[in-house]
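>>> Provide a 3D model corresponding to the input given below.
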Amino acid sequence: MRIIRKSQTDIWSARYDYHVLTYAEEGFAPLNIHAASFGIEKRQLAAFVDSVNQRFETGSLHPRAQISAVPRALIREGQDANALTNYITEFLRANVETIKASKLICDFRTPRVPSFVVAAIEAAMESADASMLQEVVIIE
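Got it, this is the predicted structure:
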């Protein structure tokens, strides 16, 4: 598996080949951008965001859309790479058991990707079962 960095423009035409992992936030956020491309209605997206953030668990729109999200607070209210690593690892377990994606986009722009997020992604890929993944793209 390889981890590469690309811009949204570079990856956009191939986005349907990937599962997206981002954070649960509405508005001008990565989740909205990706959900719109899958035709997710605002009401459904709002319910998903509320569910992920209230339960404080990783959630997924799979199989309706190739999108999963970690709680917003992990990105916006803290910089705990270890905590984020645990949530990404939780996603990787779900990927092995249910989602079965072979390519992953990690889109945690706020508008830039914080360095602790990159560290968490790399740590999760090293420590968890990421064997299904052929490629991980970090959107910058």
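>>> Tell me which stretches of the protein form strands.
With DSSP state E as the criterion, the chain has strands at 2-6, 19-24, 59-60, 67-71, 103-106, 135-139.
>>> Break down this protein into its helices, ranges please.
According to DSSP state H, the chain carries its helices in the segments 8-12, 30-37, 42-55, 73-76, 81-94, 115-127.
>>> between those, which one is nearest to His19?
With respect to His19, and counting by Cβ to Cβ, the nearest of the helices of the chain is helix 81-94 at 9.1 Å. Glycine gets a C-beta too; all of them are placed from N, C-alpha and C.
>>> quick one: average pLDDT of the closest one?
Here helix 81-94 scores 96 as its mean pLDDT.
>>> what residues are up against the residue sitting nearest the centre point of the chain?
In the chain, the residue lying closest to the centroid (Cα atoms, centre = their mean) is Leu21, at 1.2 Å. Under the criterion of Cβ atoms under 8 Å, 6 or more residues apart in numbering, the neighbours of Leu21 are 68-70, 88, 91, 104-107.
>>> from these, which would you call buried?
68-70, 88, 91, 104-107 (16 or more other Cβ atoms under 10 Å).
>>> Kindly indicate which of the residues you listed lies nearest Glu26.
For the buried ones among the contacts of Leu21, the nearest to Glu26 is Ala69 (10.8 Å; Cβ to Cβ).
>>> Understood, closing this out.
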